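**Student:** Need coordinates for the following:
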Amino acid sequence: MEDFVHLHVHTKYSKYDGLSEVKDLVDHAINDGMKGMAITDHGTLLGIREFSDYCNQVNKERARNGIEPFKPIVGCEMWVAHHRMQDKKVSDGDRCGYHLTVLAKNQKGYRNLSKLVSDSWKEGFYYRPRTDRQELERYHEGLIVCSGCIAGEIPYKILHSSIDDAREAVEWYHHVFGDDYYLEIQRYSTNNQDTHTDSEIYELQQRVNPVLIKLGKEYGIKVIATNNCHFVDEDSIDDQLSTIDIRGTYGLPFDRQQRFKTRKEMYDVFADIPEVLRNTMEILNKVEIYKCDS
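**Tutor:** So this is what the prediction gives:
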């Protein structure tokens, strides 16, 4: 079984998108034997200090027991404006932004990510805090970028535009981020599909994923698996859904499969392409442990 870490995870700091406690997610990862994890809340870094502090606390105990540190990965699922972040015309699609998973691999990356997030609120806010390509290129150093869920630019263009438009986006991100750019696929399914799974999301993923894998081979870009986690486990889903009315991108309901799955569960889903699990470990190994200062 390939090793794996979660790189696309939402906590209670993702407004209207989840109520998971940071501590519960970290404990869940450690209990499953994961070597680290990322937090990627929508448009914010509010949970990062809590994440870093708790992992520091955990790692002090692990050090006393001779266990390697659990690695926290600072991230954010950002909204990238369709045009410039300053544009504010609903008719031009400026109300929406493409989703993008952005991870900091070192302290320089953390500071650049902090700058991008801050500017997205101060200069790019229009319905949502948005960044844009120019900002991403300006502050790219120390960042690892993944293409995101089906609301990401490349998946969106595969579904709604053209393969040429998707290729243009792939080429731009690959040019800016090089080997720190990854294509991201998700499958909200298990070998024993349950009745709670939303088939519409899964069908979209089934349309997008083969194209992403093909583009990865074409451009020499590695593909990773994520689960876009919004819940800790199966037991927590109903409690969260009864507390807040969670709605996904383009009005799609969240899927019950969007929980913090175990390594075994993720392997069961991606057993036919285990390299997409292995590649998450490559990202983990690129990330340094550093202090999240202000």
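**Student:** Now residue 225: closest residue in space that isn't a chain neighbour?
**Tutor:** Excluding its sequence neighbours, the residue lying closest to residue 225 (CB to CB, 6 or more residues apart in numbering) is residue 276, at 4.1 Å. In this view, the C-beta of every residue, glycine as well, is placed from N, C-alpha and C.
**Student:** Surely the one you found touches residue 216?
**Tutor:** No - contact status for residue 276 versus residue 216: not in contact, 9.3 Å apart, counting by CB atoms under 8 Å.
**Student:** re the thing from before, secondary structure element holding the residue nearest to residue 225?
**Tutor:** Per DSSP states H and E: residue 276 is located in helix 275-286.
**Student:** Pull the residues that contact that helix.
**Tutor:** 2-7, 35-36, 71, 73, 103, 105, 144, 180, 182, 185, 222-226, 266-267, 270 (CB atoms under 8 Å, 6 or more residues apart in numbering).
**Student:** Pull the number of nearby residues for the residue nearest to residue 72 when sequence neighbours are not counted.
**Tutor:** Distances taken as CB to CB, 6+ apart place residue 55 nearest to residue 72, at 4.1 Å, with adjacent residues excluded. Residue 55 is flanked by 23 other residues according to other CB atoms under 10 Å.
**Student:** so what's residue 55 up against?
**Tutor:** Residue 55 neighbours (CB under 8 Å, 6+ apart): 26, 69, 70, 71, 72.
**Student:** ok, now residue 52?
**Tutor:** For residue 52, counting by CB under 8 Å, 6+ apart, the contacting residues are 72, 74, 291, 292.
**Student:** Any of these buried? List them.
**Tutor:** Buried subset of the contacts of residue 52 (neighbour count, 16 or more other CB atoms under 10 Å): 72, 74, 292.
**Student:** hmm, back to that, between the contacts of residue 52, which sits nearest residue 16?
**Tutor:** residue 74 (22.0 Å; CB to CB).
**Student:** isn't that closest one right next to residue 106, touching?
**Tutor:** No - taking CB under 8 Å as the definition, residue 74 is not a contact partner of residue 106, at 10.0 Å.
**Student:** now the strands: where do they sit in the stretch 151-294 of the chain?
**Tutor:** For the stretch 151-294 of the chain, applying DSSP state E, counting those that start in this stretch gives strands covering 181-185, 223-225.
**Student:** So which residues lie in contact with the first one, not counting its own?
**Tutor:** When you say that, I think you mean strand 181-185. If you take CB under 8 Å, 6+ apart as the criterion, strand 181-185 is touched by 8, 101, 144-149, 152, 154, 170, 173-174, 205, 208-209, 212-213, 215-216, 221-226, 276, 279, 283.
**Student:** One more: the shortest one?
**Tutor:** For strand 223-225, contacts defined as CB under 8 Å, 6+ apart pick out 4, 7, 146, 182-187, 212-213, 216, 266, 269-270, 273, 275-277, 279-280, 283.
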